[in-house]
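**Student:** Predicted coordinates and the sequence they were generated for:
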Amino acid sequence: MLVYTPDLLQETLEIAKQADYAIRTECFDGNGCESCVLHGKKIIFVDLALSPPDQFEQMLRILCDEVPETLQKMAKEGKISEVLVRRIRRQLASRNH
């Protein structure tokens, strides 16, 4: 089981930025984090009403759904912490079942 730490959320936000996402933080009353393309720019909206562990889980879901190849490449290049690599692998494996 992965124990959440604030560093994981921060690392996930940095990965999103490296994958060309802009990050917007807003309070969406707990409705969740979402992504969209607006005027050709990829944006992830992070719901500040969620707990940081929930923000992390939703950010990870978005990245695994939308840019799995980027995550795998960054993992191979050693640009992602080993703890997060294991979590990404679990997330990607669960999508394929």
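**Tutor:** Happy to help now that I have it.
**Student:** how about the residue nearest to residue 42 when sequence neighbours are not counted, what does it touch?
**Tutor:** Leaving aside its sequence neighbours, residue 42 sits nearest to residue 21 (Cβ to Cβ, 6 or more residues apart in numbering; 4.7 Å). In short, each C-beta sits where N, CA and C put it, glycine included. Residues counted as contacts of residue 21 (Cβ atoms under 8 Å, 6 or more residues apart in numbering) are 35, 42-44.
**Student:** if we take these, which one ends up nearest to residue 57?
**Tutor:** Residue 57 has its nearest neighbour among these in residue 44, at 13.3 Å by Cβ to Cβ.
**Student:** Report pLDDT for the residue of the chain most remote from its centre.
**Tutor:** Computed with Cα atoms, centre = their mean, the residue of the chain farthest from its C-alpha average is residue 39, at 21.5 Å. Residue 39 is assigned a predicted lDDT (pLDDT) of 95.
**Student:** Let's see the distance spanning stretch 22-33 from one end to the other.
**Tutor:** 13 Å (Cα to Cα, to the nearest Å).
**Student:** what comes up buried for that stretch?
**Tutor:** Residues of stretch 22-33 classed as buried by neighbour count (16 or more other Cβ atoms under 10 Å): 32-33.
**Student:** sorry, back to before: from the contacts of residue 21, keep the buried residues only.
**Tutor:** For those, buried by 16+ other Cβ under 10 Å: 35, 44.
**Student:** Which ones among the contacts of residue 21 lie within strands?
**Tutor:** Here DSSP state E is the test, and those give 35, 42-44 as lying in strands.
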